[in-house]
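J.: Fold the following.
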Amino acid sequence: MGTMYRVVKNSIALVSVTILERGIGFLLPWYIARTLGKGPMGEYSTAISWIFVTLPLAIWGFDQLLLREISRDREALSRYLVNASLVVVGSVTVTAVLLGLIINLFDYPPSLDRLLWVSALFVLPLYTGSLLLETAIKSLERMEWIVGIRTPLTLVRVGGSIYLLFHGVQLEVVFLLLGVYYAATCLIYYFVIRFFVPNIKRTFDPLAVRQLAIHAIPFVLIGVFGITFKQVDRIVLSALRSMEEIGIYSAGATVMAMVLLIAPAMMESLFPGLSRMHVSAPQHLPEMVARLLRLVWFISVPIMLTPITIVRPAILLLFTTEYSASILIAQILALAIVPAFLSRLLYRIILASNNERTTLRIAAINSVIGVGLNLLLIPSMGLVGASIATISAECAGFLQNLYFVHNRVVKISLWQTMGKPFLSAMSAAATYWWIRQWNEYIALIVALSLYIGVAVYLSVISKTDFFDIETC
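T.: Here you go, the predicted structure:
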């Protein structure tokens, strides 16, 4: 099976499940915002943010480490999965205690405290187990199994949650149902792995447990810094602003988060192949990296311009005029799409080449920049300041990742992979900005047409980028 075939197949599978799951999942916060108001929406968003912030510590970096190692040696799946599970039991316990301390530290409303306790004691442990088993499936590059499992379960979860809210239940019940969803995915993932990998043995190895726990530490720190960078805006807002303001910010951020989640789905599908290529065919890695960078440039610019155009009617339709302030938030955050897509690809390239310490350094710097900018801009600029801080931190992360890939992993032609795509993007952006004063939709069509024409003229993209990469 060719490298590009696997890339396309797995990318389509993971992007599909991301779009379907997030599209279905979006109905729940939408319903909360529309029917319960900005306060409950803010509490729901804050509780979800804390789950994501503490997840890297609970999973102990195995969502990245196991994905890389098993993709290189699939015969070791049993050893990695069984012994990593034992480490995760301890890390989940510590994380639940930590989240309990956070609940007591922050002066949150009692209703939000209850959501966080349900998250710490029920949702987080089950989410961690589900993610660990899902990582094993991803390492086998069978992303289509995940599509078939998560999509119908998400539909049941969201439909059930909305039904219960309609009949007057509290948000705590919705979080309990979220935990049941993760328990169901754990159970199904387990039987799927046992069916397709029948030789799994429950081999406990104390030495392997200790080695895995130590080896994963850089990945833990990368995850903690990375998720802090992604969620710091809402965490700082929850400390400095009201729940109603967080609700407004979350409405705009949620719309853009659905778009941005396409990026990690695509990059996770690339990661196993990149990891294997680094070991088995390193001579092909520079060409692969260059072509992937051009491909990501080519698709991310239209993905950026389209939400900027349609977000106004989308938010007014979905959330009503009460959330009109969310429009500007979403449009500002959309500007982060291109650097975010590129940064996530470069990040996977660094990890695939066994340079996790470099990634850790980048993640730490990004977190410092993100926290600093949010603390600086939110008091004076409010929600707009949080949006600007997010864009600035994304750009800083992209530049760092690019520097280290170029200087530590593979030498790439910066003019071909960055200069030409940037010129194409700027021509489209300038055209869009000029025409949008008359009609945004015409501006979008003209800008994208010009972008494709300039990209083809400058040889940013060609059919060989899709079909002419050797098998590895």
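J.: ok, longest helix in the protein?
T.: helix 356-404 (DSSP state H).
J.: Could you point out the helix or strand that follows that one?
T.: Remark: after helix 356-404, the chain's next helix or strand is helix 414, criterion DSSP states H and E.
J.: got the CA positions of the very next helix or strand once past that following helix in CSV?
T.: With elements assigned by DSSP H and E, the helix or strand that comes after helix 414 is helix 420-435. Listed next in CSV are the C-alpha coordinates belonging to helix 420-435 (Å, rounded to 0.1, in the frame of the first residue of the first chain):
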residue,chain,number,x,y,z
LYS,A,420,5.3,30.7,-2.8
PRO,A,421,2.3,29.5,-0.7
PHE,A,422,2.5,32.8,1.3
LEU,A,423,2.4,34.9,-1.8
SER,A,424,-0.6,32.9,-3.1
ALA,A,425,-2.4,33.4,0.3
MET,A,426,-1.7,37.1,0.4
SER,A,427,-3.0,37.7,-3.1
ALA,A,428,-6.3,35.9,-2.1
ALA,A,429,-6.5,37.8,1.3
ALA,A,430,-5.9,41.2,-0.3
THR,A,431,-8.5,40.5,-3.0
TYR,A,432,-11.0,39.3,-0.4
TRP,A,433,-10.5,42.4,1.8
TRP,A,434,-10.9,44.7,-1.1
ILE,A,435,-14.1,43.2,-2.6
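J.: Going by neighbour count, list what's buried in helix 420-435.
T.: Of the residues in helix 420-435, those buried by neighbour count under the rule 16 or more other C-beta atoms under 10 Å are 420-422, 424-425, 427-429, 431-432, 435. Heads up, the C-betas are built off the backbone N, CA and C, glycines and all.
J.: For it, which outside residues touch it?
T.: Outside helix 420-435, the residues within contact range by C-beta atoms under 8 Å, 6 or more residues apart in numbering are 293-294, 297-298, 301, 305, 338, 442-444, 446-448, 450-451, 454-455, 458-460.
J.: Just those residues: which are in helices?
T.: 293-294, 297-298, 301, 305, 338, 442-444, 446-448, 450-451, 454-455.
J.: Can you turn the buried part of those residues into a PyMOL selection?
T.: Buried subset of the ones in helices among the contacts of helix 420-435, written as a PyMOL selection, criterion 16+ other C-beta under 10 Å:
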select buried, resi 293+294+297+298+301+305+338+443+444+446+447+448+450+451+454+455
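J.: Residue ranges in the stretch 1-150 of the chain under the pLDDT threshold?
T.: Low-confidence segments of the stretch 1-150 of the chain (pLDDT under 70): 1-23.
J.: which residue ranges form the helices in it?
T.: Ranges of helices in the stretch 1-150 of the chain, per DSSP state H, counting those that start in this stretch, are 3-25, 27-31, 38-59, 62-72, 77-105, 110-118, 124-139, 143-166.
J.: Give me the buried positions along the third one.
T.: Which is helix 38-59. 38-51, 53-59.
J.: do the same with the last one
T.: Neighbour-count burial for helix 143-166, with 16+ other C-beta under 10 Å as criterion, is recorded at 143-147, 149-151, 153-154, 157-158, 161-162, 164-165.
J.: which residues does the nearest residue to Thr320 once chain neighbours are set aside contact?
T.: Leaving out its chain neighbours, the residue that sits closest to Thr320 by C-beta to C-beta, 6 or more residues apart in numbering is Arg34, at 7.0 Å. The neighbourhood of Arg34, defined by C-beta under 8 Å, 6+ apart, consists of 318-320.
J.: looking at these, which has the most residues close by?
T.: Compared across the contacts of Arg34, Phe319 has the highest neighbour count, 24 neighbours, by other C-beta atoms under 10 Å.
J.: Do I have it right that that one meets Pro29?
T.: No - the criterion here is C-beta atoms under 8 Å, and Phe319 misses it with Pro29 at 9.8 Å.
J.: mind checking the SS state of Pro307?
T.: Secondary structure, DSSP: H, G, I helix; E, B strand; the rest coil: Pro307 is helix.
J.: Many thanks, I have nothing further to ask.
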